[in-house]
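Undergrad: What follows is a predicted protein model with its sequence.
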Amino acid sequence: MDTMVGILNLRFSPAPMLSELDDGHLVALARRGQDEAFDELVRRHSPRVHAVSSRIVGREEAYDVVQDAFLAAFRALPSFREQAQFTTWLHRIALNCCYARLRKHPDSALDIDTPMDAADNTDTPLAAVERQDLRVALEKALAKLKPEFRETFTLVEFGNLDYAGVAEVLGIEVGTVKSRMSRARTALRETLEGWGYKP
């Protein structure tokens, strides 16, 4: 009797909400044709993909890159290796889409006059202006970095990837990621200090 009750509870218990599932489970469901699972992956990862893409192709172009990247990811789901992390795989696709767009539109430029997101609503008006001014300056300084430094810095700081994940996305060693990050931070600090900022 207890076994039957347990089976009934298992059988009729509601399925977990998609937002509670990890990426691996969502990918498995999406590969079996559950579009809602892939929609959840889009909802979960599109802000980070846009943040990374906008630092490479510009904020407006990045919206198209996000669409291209998720469309490419959806089409490539059957070839996704389950031992890989979805987020590193997706960021590799997004970078490929960024560079494909830059090749098609070589005149595209970073939108360095638009400040970074995530303004702090608890700031005083003066502090909010100062913070926004620093964000704009950081965007401009970031645009001056060598592409490989900007790419690495962007994946770490805006892609929410650890060094191992960035190394996997870029196909380089973790030590190279650390070296690039150190050089990127030094260059950014020197540029900002040269402009009178204290980052």
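TA: Nice, I can see it.
Undergrad: What is the burial count for Gln67?
TA: 14 (other C-beta atoms under 10 Å). Placement of C-beta: from N, CA and C, glycine included.
Undergrad: In this protein, where is pLDDT below threshold?
TA: 1-16, 106-132, 199 (pLDDT under 70).
Undergrad: now do 80
TA: Filtered on pLDDT under 80, the chain yields the residue ranges 1-16, 82-83, 105-135, 197-199.
Undergrad: Show me the domain layout of it.
TA: 17-111, 112-199 (automatic domain parsing).
Undergrad: What separation do you get for Phe38 and Ala94?
TA: Computed as C-beta to C-beta, to the nearest Å, the Phe38 to Ala94 distance reads 16 Å.
Undergrad: Skip the chain neighbours and tell me the closest residue to Tyr163.
TA: Spatial nearest neighbour of Tyr163, excluding adjacent residues (C-beta to C-beta, 6 or more residues apart in numbering): Val177 at 4.6 Å.
Undergrad: got the contact list for the one you found?
TA: Contact partners of Val177, counting by C-beta atoms under 8 Å, 6 or more residues apart in numbering, are 152, 156, 163, 166-167, 170.
Undergrad: go on, Gly165?
TA: 85, 87-88, 91, 155, 159.
Undergrad: can you name the two of those that are farthest apart?
TA: Using C-beta to C-beta, those span at most 13.1 Å, a distance reached by Gln85 and Leu155.
Undergrad: more neighbours, the two?
TA: Shown here are Gln85 and Leu155; by other C-beta under 10 Å, Leu155 has more neighbours (31 against 16).
Undergrad: Which of the helices or strands spans that one?
TA: Leu155 belongs to helix 147-157 when assigned by DSSP states H and E.
Undergrad: Quick one: residues in contact with that helix.
TA: Residues contacting helix 147-157 (C-beta under 8 Å, 6+ apart): 51-52, 55-56, 91, 95, 142-143, 145, 161-163, 165-166, 169-170, 177, 180-181, 183-185, 187-188.
Undergrad: Okay, and which of the residues you listed map to helices?
TA: 51-52, 55-56, 91, 95, 142-143, 163, 165-166, 169-170, 177, 180-181, 183-185, 187-188 (DSSP state H).
Undergrad: Please list only the buried members of those.
TA: 51-52, 55-56, 91, 95, 142, 163, 165-166, 169-170, 177, 180-181, 183-184, 187-188 (16 or more other C-beta atoms under 10 Å).
Undergrad: do you know how far Thr88 is from Leu95?
TA: 11 Å.
Undergrad: Common neighbours of the two, please.
TA: Here Thr88 and Leu95 share the contacting residues Val169, scored by C-beta under 8 Å, 6+ apart.
Undergrad: would TSV of the contacts of Val177 with distance to Arg32 be doable?
TA: Shown next, in TSV, are the contacts of Val177 (distance: C-beta to C-beta, whole Å):
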residue	distance to Arg32
Thr152	35
Val156	33
Tyr163	33
Val166	30
Ala167	31
Leu170	31
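Undergrad: Phe80 and Phe74, how far apart?
TA: Phe80 is 10 Å from Phe74, by C-beta to C-beta.
Undergrad: Could you check which of the two has the larger neighbour count?
TA: When Phe80 and Phe74 are compared for neighbours, Phe80 comes out ahead with 16 against 13, by other C-beta under 10 Å.
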